[in-house]
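*Asks:* structure, please.
(chains A and B)
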Number of protein chains: 2
Amino acid sequence: MEQKSADKYFSTVGDGSGLAQTDGLYKEELQLALRNRGMPLEALRYPITPTGLHYLLIHYDIPAVNPERWRLKIAGLVATPLDLTLEEIKKRPRRTIPVTMECAGNGRALFAPRRISQPWLLEAIGTAEWTGTPLRTILQDAGVSADAAEIVFTGLDQGVEGDQIQFYQRSLTVDEAMRDEVLLAYEMNGEPLPPQHGYPLRLVMPGWYGMASVKWLDRIEAVAEPFQGYQMARAYRYSQSPDGPGETVDLIRARALMIPPGIPDFMTRERLVEAGPVTLTGKAWAGRVSVSRVEVSVDGGSTWSEAQLGESASPYAWRTWTFVWNATPGAYTLYVRASDADGNVQPIVQQWNFGGYGNNGVQRVNVIVR
Amino acid sequence: MEQKSADKYFSTVGDGSGLAQTDGLYKEELQLALRNRGMPLEALRYPITPTGLHYLLIHYDIPAVNPERWRLKIAGLVATPLDLTLEEIKKRPRRTIPVTMECAGNGRALFAPRRISQPWLLEAIGTAEWTGTPLRTILQDAGVSADAAEIVFTGLDQGVEGDQIQFYQRSLTVDEAMRDEVLLAYEMNGEPLPPQHGYPLRLVMPGWYGMASVKWLDRIEAVAEPFQGYQMARAYRYSQSPDGPGETVDLIRARALMIPPGIPDFMTRERLVEAGPVTLTGKAWAGRVSVSRVEVSVDGGSTWSEAQLGESASPYAWRTWTFVWNATPGAYTLYVRASDADGNVQPIVQQWNFGGYGNNGVQRVNVIVR
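*Replies:* Residues are numbered from 1 along each chain as shown, chains lettered A, B, ... in the order given. Reported below is the predicted structural model:
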């Protein structure tokens, strides 16, 4: 868990504020966009996202892991530290859960000013069937001390961020870590995890934004105090400034997305649609809360019509929505929004925050009907 | 093969010249970068790219194909038009070839000025084991007429480009189409093609830039005259202006790429390396010509050292290169370049062209050694 501090080796992007004061994207943001793959929105048609289309956010490099030498270490405030091989983990109770995952930074590049980081628009999403063993049973076998406040998860991916040389690390309270649905996953969609999704083992934290689901797990450690690593104390906070502590980013906010109808213009990705009845469809999700309603607007948010809702594959997976639009010639901007069982309605415009997190402002789809 | 012309429905990006006169990227370029996935360069460690890490360039949308209803049509100047199911194609002679594929636009965003389009840096690459049936045997069964000049391949992906509503279409001369190694592929890395790589069937044209390997094949047609569709006559030309006919873009040019050594800075992707012997390694390829030499420079191109070459999995697949660098503290820009058996040496800076194609100028990797 040790974090070495590093001198400032690398150049700053932009004016040093961390925010882009220009509409144009920096080359460094492009580099990240080309590495960190989004899900093309037409893939909303699949209840389970084909593995190679699921979004990917990788802070550093995909590590090369030798599965023969790899061990999962359970350490810290536990009665019995454990050191488990992948085979030992696979022999434990097995469970599969369909989970919709979304990057906390989804929508970041739609905020203005824009935090200079991975510049997601709306595509940092995906739903997979994750198979693994419940974390709880392993923590119970290790015997987490009553003095433990949190469980810290350390990945094998290493890099420099905020002037610190670090392995990617996140923590959960013991209560969250002990929840039923928390998995140590070794399969995605029925196959061993691909390297880019955390091979050989990752945490899957259903209902949370993706940063909680630590990939390439190396070590799980029970600690007495809330963990203050970079990815907890400095990144992934809802705050109004780089210094403000703000609120922690945790559960996924309600969101509906639409498969852009018709056919695309190559460059603008705007859509050409034939007049007549058009079935608008897509998916909606709200973390670990259920989606109660999806509404569509074809007049830029003035009036809303309720969409039909389908089933979801699990309490943590998106559900299909559909709405038949009688399209007549003209130019339109289509909106869609979700509401959840807690009464949250997806905002037209989400309140700005410094890190560019949790932006579930409604999708706008520009369409020409002819 | 009919191309309907369309009014100009969609807005222009930039000043109308098609070129960006600004360093900052347009939002439309970002949209494309987030859809069209690159291969993170650390994945150069895999001889065969894990399927979900192979680059993807999709002009329009990934089509939804019903495999029960899908048929491959062979038509035009043939003695016997064919209409084949996927099962019929799978019963034909089967062949697997490892092929390195690269997008013709790889390196586009490194040209200045920059063509406004998919803004690749260096990551539009991947190597897969493609399995299918040789195209030649099917063309022979259909009996291509001696009057045929070209074979036209039409995909199921439809969109608007250059004011034309079009299905993606490319052609090959009959001689090229009849080459031994040309496949109609239904498997990638031993699994059915994923939707995003052309399910249920695609062309694989080893040694050519990726635009030739038409995905989601619908129709193959023998024609008497060189095909003048958008993707042949207007896109994929080496020319100095939007109007100049230029040379056709075809075979992949020599290139070597390096796995960036050490660990990355999150934002700049520059590298931090510990002093001492560092094994620099990566892959090199040159279309259907063999790579004869790979050289590394650690002083910005003043002096070059020869790297060791490994084997390649096929005449169309990349080969590994390695070079041990005795790194001493300081700031470096590492270069690597390939030469091919025809005597072509990868240029430090490739000559500019309007479309931003074939930019095999050498990779630069910024490294801090401490």
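*Asks:* state the distance from the closest residue to residue A:347 other than its chain neighbours to residue A:296.
*Replies:* Once flanking residues are discounted, residue A:347 sits nearest to residue A:361: 5.7 Å by CB to CB, 6 or more residues apart in numbering or on different chains. For every residue, glycine as well, the C-beta is placed using N, CA and C. Separation of residue A:361 from residue A:296 (CB to CB, to the nearest Å) stands at 16 Å.
*Asks:* which one's more surrounded, these two?
*Replies:* The residue with more neighbours, out of residue A:361 and residue A:296, is residue A:296; 22 against 18, by other CB atoms under 10 Å in any protein chain shown.
*Asks:* so that one touches residue A:333, yeah?
*Replies:* No: if you go by CB atoms under 8 Å, residue A:296 and residue A:333 don't touch, sitting 11.8 Å apart.
*Asks:* show me the shaky parts of chain A.
*Replies:* For chain A, the stretches with pLDDT under 70 are A:1-8.
*Asks:* for it, which residue gets nearest to chain B?
*Replies:* For chain A and chain B, the shortest gap (CB to the nearest CB) falls at residue A:24, measuring 1.6 Å.
*Asks:* what number of residues lie near that residue?
*Replies:* Neighbour count for residue A:24, taken as other CB under 10 Å: 15.
*Asks:* which non-adjacent residue is nearest it?
*Replies:* The nearest residue in space to residue A:24 (CB to CB, 6+ apart) is residue B:24, at 1.6 Å.
*Asks:* surely the one you found meets residue A:21?
*Replies:* No: assessed by CB under 8 Å, residue B:24 is found out of contact with residue A:21, at 10.9 Å.
*Asks:* doesn't residue A:165 lie inside a strand?
*Replies:* Yes: the assignment for residue A:165, made by DSSP: H, G, I helix; E, B strand; the rest coil, places it in a strand.
*Asks:* count of residues packed around it?
*Replies:* Count around residue A:165 with other CB under 10 Å applied: 16.
*Asks:* surely it meets residue A:60?
*Replies:* No: assessed by CB under 8 Å, residue A:165 is found out of contact with residue A:60, at 10.3 Å.
*Asks:* shared neighbours, those two?
*Replies:* A:158, A:159, B:263 (CB atoms under 8 Å, 6 or more residues apart in numbering or on different chains).
*Asks:* list the contacts for the first one?
*Replies:* Residue A:158 is in contact with A:60, A:61, A:63, A:165, A:166, A:167, A:168, B:263, counting by CB under 8 Å, 6+ apart.
*Asks:* so which strand or helix has it?
*Replies:* strand A:150-161 (DSSP states H and E).
*Asks:* what about the closest residue to residue A:137 other than its chain neighbours, how many residues nearby?
*Replies:* Closest residue in space to residue A:137, ignoring its immediate chain neighbours: residue A:93 at 6.1 Å, by CB to CB, 6+ apart. The burial count assigned to residue A:93 is 10, neighbours taken as other CB under 10 Å.
*Asks:* once you drop chain neighbours, what's closest to residue A:181?
*Replies:* Spatially, and ignoring its direct neighbours in sequence, residue A:181 is nearest to residue A:206 (4.7 Å; CB to CB, 6+ apart).
*Asks:* now do residue A:306
*Replies:* residue A:295 (5.6 Å).
*Asks:* render the CA-only coordinates of stretch A:87-97 in PDB, please.
*Replies:* Output in PDB follows, covering the C-alpha atoms of stretch A:87-97 (Å, rounded to 0.1, in the frame of the first residue of the first chain):
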ATOM      1  CA  GLU A  87      -7.100 -22.600  -9.200                       C
ATOM      2  CA  GLU A  88      -7.900 -22.400  -5.500                       C
ATOM      3  CA  ILE A  89     -10.200 -19.400  -6.200                       C
ATOM      4  CA  LYS A  90     -12.000 -21.200  -9.000                       C
ATOM      5  CA  LYS A  91     -12.700 -24.100  -6.600                       C
ATOM      6  CA  ARG A  92     -14.700 -21.800  -4.300                       C
ATOM      7  CA  PRO A  93     -18.400 -21.100  -4.600                       C
ATOM      8  CA  ARG A  94     -19.200 -19.800  -8.100                       C
ATOM      9  CA  ARG A  95     -21.600 -17.100  -9.100                       C
ATOM     10  CA  THR A  96     -22.500 -15.300 -12.300                       C
ATOM     11  CA  ILE A  97     -24.100 -11.800 -12.300                       C
END
